[in-house]
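*Asks:* Have a look; sequence and predicted model below, questions after that.
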Protein chains: 2
Amino acid sequence: MRQEHIDQINTAVAAVAAKEVINHFYFVACGGSQAFMMPAQYTFDREISIPASIYSSNEFVHRAPKALGPDSVVITCSHSGNTPETVKATEVAREKGALTIALSHLEDSPLWNAAEYPIHYDWGKEADASDLNKAVLYYLMFSILNAVSPCEKYEKGIASVANLNDAIEKAKTQYADTVKEWGSKYKREQMIYTMGSGACYGEAYSFAICLLMEMQWIHSHAIHSGEYFHGPFEVTDFDVPFIIIEGIGATRPLDERAYNFCQKYSDKIMLVDADTFDMTGIDEEVREYFAPLLAGAVLRSLADAFAYERGHDLSVRRYMWRMEY
Amino acid sequence: MRQEHIDQINTAVAAVAAKEVINHFYFVACGGSQAFMMPAQYTFDREISIPASIYSSNEFVHRAPKALGPDSVVITCSHSGNTPETVKATEVAREKGALTIALSHLEDSPLWNAAEYPIHYDWGKEADASDLNKAVLYYLMFSILNAVSPCEKYEKGIASVANLNDAIEKAKTQYADTVKEWGSKYKREQMIYTMGSGACYGEAYSFAICLLMEMQWIHSHAIHSGEYFHGPFEVTDFDVPFIIIEGIGATRPLDERAYNFCQKYSDKIMLVDADTFDMTGIDEEVREYFAPLLAGAVLRSLADAFAYERGHDLSVRRYMWRMEY
């Protein structure tokens, strides 16, 4: 990771460490950026007793959680740094005295200037993976955990970030043929469900709302693997496609159960099984938390396959960026 | 409300009030029962500084939030009292020393026996509305708020429960013709999105996963009104149907914005606008929180209309209760 990024993270973390009391961690962002932070909320929930919540930015602004105040830490993210709801959420949090940390690709953007502690990440194919958004978030996440509850596990988490790129590349290579096959086989589907839980739910959500709905105009819904049996499973039929992520760690039994049922009644299952990933370089104690990053990379390749097969480039929009809304 | 219910609620609330410290309120249930408690989590979030979270039961059990312990209050719900994941969640919480409160229609059910403080609610057409699940939950909710942070507003919330039935009946009557028309007009749709935010998001979620997916086998997805603009809105087209709930209070601007955009590009909008409800008897200060109960009742009528028009009774299942899963 570039020293500039490490410095920005360390400055933010030092400010978190200096707080006498932290009453709440809030992760706040929109759409894909919200999904991107969901595993962080999950990790905090499992690892420390300080409450951690995640909100869509505008819900956060208008709901105005009562606990938000000088003892709070608010972490926001917007790739462009221009998402108005996320800028507003950061401003509101800062006005209330909260410590504000913002992740963005764009320096000197409105979000960058709204937050007390902005952190930059690189983007694009020329960037080193250890400086991309997910690496920077995980470095920040484990550094905060290590600040509020120092332990070797979190140091292992920080160290594992350096090996994330290798693990991601291996996962993509492993699934390359499969993903190409799915892209062709399911390219005419007009509705595809995704499913996941725990650390991986965010990837299921992100793939549904950003890759399928936004970038391919395919109807979708991210079903929580545990909720599946309490309503959604009744739509399962031989011709209803599901993309299922089986994570590793705590909530894997939920995903396995959903997959085991679903594959009996649907002939169209795309299973991304994190237990088959080669995670060499990612410490065993933190693999549960890194699994979604690998599953997400595989799914991104699937989106590329859909885009190619359907002749519908991932960059095409009919509303976003094209009009006022 | 029947004295038996009031007594059970008061016993639970006295136990909550007797706790020296409360570190976290957890609302835990599956599917429709989870959706049913979402407005309570929202209300706690807005009203008090003690953190409140909501989980699907099996996610709660396996995620095992670190903060769960003797200082926690866990409120679970299962209509039948037999939902295994919710029974397990209650047992896990109780083993960890948390104060456990469970809502159920079935006394002496596994859930009833798992919780330290079980609370019964009535069910069925012969029951008085002030003893049904939502009335009992709201009486409990405002009583807990009043115990941890006494104020007149929460007493008004408790008092308003008695007038809930009248308000619901008026909302249903107001929408009766509209709902009948929608049932006929949209009966052949195979995919219907729902949308909401804040206190009303739970009703959008519940209608999507229980009424449409489970009980009508219609594909669906509950889109959060704020998230709509960050991905999902790209699927909007003239022939894509949306059921939109415009709530009242804090997050209404999110719903209005989503409706204003969506109605420009879709010709198939079903709008339930809580601002048009006659809420006489519900105190103005707490109307925001009661609005979802009225919207939910209108949507339930819509489900009845769909069931009638489609010849698909709401009680039909192909998997649920019919096999092991």
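*Replies:* Looks like it arrived, so ask away.

*Asks:* And the contacts of the strand or helix carrying A:Val179?
*Replies:* In this structure, A:Val179 is located in helix A:164-185 according to DSSP states H and E. The set of residues external to helix A:164-185 that reach it, using Cβ atoms under 8 Å, 6 or more residues apart in numbering or on different chains, is A:128-130, A:134-135, A:138, A:270, A:272, A:276-282, A:290, A:293-295, A:297-298, A:301-302, A:304-306, A:308-309. C-beta coordinates here come from the backbone N, C-alpha and C atoms, glycine included.

*Asks:* for stretch A:266-278, same thing?
*Replies:* Applying Cβ under 8 Å, 6+ apart, the external contacts of stretch A:266-278 come out as A:167, A:170-171, A:174-175, A:182, A:186, A:189, A:200, A:236-248, A:252, A:259, A:262-263, A:291-292, A:294-295, A:298-299, A:302.

*Asks:* residues in contact with the most centrally placed residue in chain A?
*Replies:* Among the residues of chain A, the one closest to the centroid is A:Phe36, at 2.2 Å (Cα atoms, centre = their mean). Applying Cβ under 8 Å, 6+ apart, one finds that A:Phe36 lies in contact with A:Ala29, A:Cys77, A:Asn133, A:Lys134, A:Leu137, A:Gly202, A:Ser206.

*Asks:* Look up the closest residue to A:Val235, ignoring the ones flanking it.
*Replies:* Taking Cβ to Cβ, 6 or more residues apart in numbering or on different chains, and ignoring the residues beside it in sequence, A:Val235 has B:Met213 as its nearest neighbour in space, at 4.8 Å.

*Asks:* The most far-flung residue of chain A relative to its centre in helix, strand or coil?
*Replies:* For chain A, the largest distance from the centre (Cα atoms, centre = their mean) belongs to A:Phe238, which lies 30.1 Å off. Secondary structure, DSSP: H, G, I helix; E, B strand; the rest coil: A:Phe238 is coil.

*Asks:* Any of the contacts of stretch A:266-278 buried? List them.
*Replies:* A:167, A:170-171, A:175, A:182, A:186, A:189, A:200, A:236, A:240-248, A:252, A:259, A:262, A:291-292, A:294-295, A:298-299, A:302 (16 or more other Cβ atoms under 10 Å in any protein chain shown).

*Asks:* Which residue comes closest to whichever residue of the stretch 101-250 of chain A sits closest to chain B once chain neighbours are left out?
*Replies:* Relative to chain B, the nearest point of the stretch 101-250 of chain A is A:His230 (2.7 Å; Cβ to the nearest Cβ). Spatially, and ignoring its direct neighbours in sequence, A:His230 is nearest to B:Gly31 (2.7 Å; Cβ to Cβ, 6+ apart).

*Asks:* One more: A:Pro65?
*Replies:* Distances taken as Cβ to Cβ, 6+ apart place B:Asp45 nearest to A:Pro65, at 5.0 Å, with adjacent residues excluded.

*Asks:* Look at A:Ala129 and report its pLDDT.
*Replies:* For A:Ala129, the model assigns a pLDDT of 81.

*Asks:* Hmm, it is touching A:Tyr138, no?
*Replies:* No - using Cβ atoms under 8 Å, A:Ala129 and A:Tyr138 do not qualify as a contacting pair, with a distance of 11.5 Å.

*Asks:* can you tell me the helix or strand for the residue nearest to the centre of chain A?
*Replies:* Here A:Phe36, judged by DSSP H and E, is contained in helix A:31-47.

*Asks:* After that helix, which helix or strand is next?
*Replies:* strand A:52-56.

*Asks:* just to revisit the earlier point, in strands, which of the contacts of A:Phe36 fall?
*Replies:* Taking DSSP state E as the definition of strands, the contacts of A:Phe36 contribute A:Ala29, A:Cys77.

*Asks:* Reformat the contacts of A:Phe36 as CSV; add pLDDT, distance to B:Tyr121 and neighbour count.
*Replies:* Below are the contacts of A:Phe36 laid out as CSV (pLDDT from 0 to 100; distance: Cβ to Cβ, whole Å; neighbours: other Cβ atoms under 10 Å in any protein chain shown):
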residue, pLDDT, distance to B:Tyr121, neighbour count
A:Ala29, 98, 38, 30
A:Cys77, 98, 41, 30
A:Asn133, 95, 46, 20
A:Lys134, 94, 45, 20
A:Leu137, 98, 43, 23
A:Gly202, 98, 34, 26
A:Ser206, 98, 37, 26
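
*Asks:* quick one: which of the contacts of A:Phe36 is nearest A:Asn58?
*Replies:* The closest of the contacts of A:Phe36 to A:Asn58 turns out to be A:Ala29 (Cβ to Cβ; 10.7 Å).

*Asks:* Thanks a lot, catch you later.
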